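Undergrad: Provide a 3D model corresponding to the input given below.
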Amino acid sequence: MSVNPMAYEAQFFGFTPQTCVLRVYIAFQDYLFEMMLVVESVILKKLDGFPGCKISPYQIRKSTEKFLLFMKEHFDKLFSKMEEVLLQLVLNIPENVLLPEDKVHEQYPYTREQFQALQDEIQQLQQQYRAEASAGQALQAELEEQKAVRAELEKILQWFDGLDNICREHGTSNFKESFAFLTQNSKKLQDVLKDVEKKSKKIKKHDQLL
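TA: Down below sits the predicted model:
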């Protein structure tokens with residue numbers, strides 16, 4: 001059996017030529033075995049018509065096997081020649097023949113070096129795309145962070161606007177006066193808080209004494 005893979009023929013036929021040849025060989029071999037069994041059964045029937053015959057069925061079987069071996073050896077020799085003819089002349093696609101699905105290679109021929117250069121370019125473009133995608137994700141994260149900072153700044157500005165309005169209501173017009181006003185009020189609140197704490201401690205002591 002040929003060891004040539006014959007891939008192009010397999011692409012066209014849908015099976016490897018070696019597989020086809022092997023199936024033909026098995027079919028012929030099975031037919032040869034069946035034929036010898038039929039011949040053996042006919043001989044046995046013929047011998048039943050001769051009561052004085054001294055040939056036993058065992059001897060007939062041995063003779064059948066020898067004849068089958070002889071036929072198989074000659075069949076293998078003949079089939080090897082037939083296999084050569086089938087693989088070279090029948091199931092072989094000439095080198096100058098191009099299958100329809102491969103016409104595109106004829107229209108746009110590429111050498112191995114050109115194909116490798118195209119593969120390298122594709123790989124480089126993929127790396128550039130990944131880098132740009134990563135940079136885009138980083139920019140998106142930075143924009144989200146800027147949005148959060150902007151929201152916090154807007155809250156601070158709103159707080160200052162509210163503070164400015166409160167200060168204007170109390171007669172302070174600029175930021176220094178407003179800050180001084182808040183500082184004074186803060187001290188007053190601290191003094192009141194301390195006074196409340198002292199009174200609370202005195203009440204607790206008085207309750208304990210009672």
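
Undergrad: domains of this protein?
TA: In terms of domains, the chain is parsed into 7-107, 174-209 (source: the TED database).

Undergrad: may I see those organised as TSV, with mean neighbour count added?
TA: Every residue, glycine included, has its C-beta placed from N, CA and C. Formatted as TSV, the domains of the chain follow (neighbours: other CB atoms under 10 Å):
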stretch	mean neighbour count
domain 7-107	12
domain 174-209	11
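
Undergrad: scan the protein for its longest helix.
TA: The longest helix of the chain (DSSP state H) is helix 112-169.

Undergrad: can you give the distance from it to the centre of its chain?
TA: Relative to the chain's own centre, helix 112-169 is displaced by 32 Å; criterion: CA atoms, centre = their mean, to the nearest Å.

Undergrad: so which elements touch it?
TA: Applying 3 or more CB pairs under 8 Å, 6 or more residues apart in numbering; DSSP states H and E, one finds that helix 112-169 contacts helix 175-209.

Undergrad: let me see the mean pLDDT of the helix it packs on.
TA: Averaging pLDDT along helix 175-209 gives 65.

Undergrad: stretch 28-47 too?
TA: The model assigns stretch 28-47 a mean pLDDT of 88.

Undergrad: now that stretch - C-alpha only, PDB.
TA: Provided in PDB are the C-alpha atoms of stretch 28-47 (Å, rounded to 0.1, in the frame of the first residue of the first chain):
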ATOM      1  CA  PHE A  28     -12.100  -9.100  -3.900                       C
ATOM      2  CA  GLN A  29     -10.700 -11.000  -1.000                       C
ATOM      3  CA  ASP A  30     -14.100 -11.600   0.600                       C
ATOM      4  CA  TYR A  31     -15.400 -12.700  -2.800                       C
ATOM      5  CA  LEU A  32     -12.500 -15.200  -3.200                       C
ATOM      6  CA  PHE A  33     -13.200 -16.700   0.200                       C
ATOM      7  CA  GLU A  34     -16.900 -17.000  -0.500                       C
ATOM      8  CA  MET A  35     -16.200 -18.600  -3.900                       C
ATOM      9  CA  MET A  36     -13.900 -21.200  -2.300                       C
ATOM     10  CA  LEU A  37     -16.600 -22.100   0.300                       C
ATOM     11  CA  VAL A  38     -19.100 -22.600  -2.500                       C
ATOM     12  CA  VAL A  39     -16.700 -24.800  -4.400                       C
ATOM     13  CA  GLU A  40     -16.000 -26.800  -1.300                       C
ATOM     14  CA  SER A  41     -19.700 -27.400  -0.700                       C
ATOM     15  CA  VAL A  42     -20.300 -28.500  -4.300                       C
ATOM     16  CA  ILE A  43     -17.400 -31.000  -4.000                       C
ATOM     17  CA  LEU A  44     -18.900 -32.400  -0.800                       C
ATOM     18  CA  LYS A  45     -22.300 -32.900  -2.400                       C
ATOM     19  CA  LYS A  46     -20.700 -34.600  -5.400                       C
ATOM     20  CA  LEU A  47     -18.800 -37.000  -3.100                       C
END
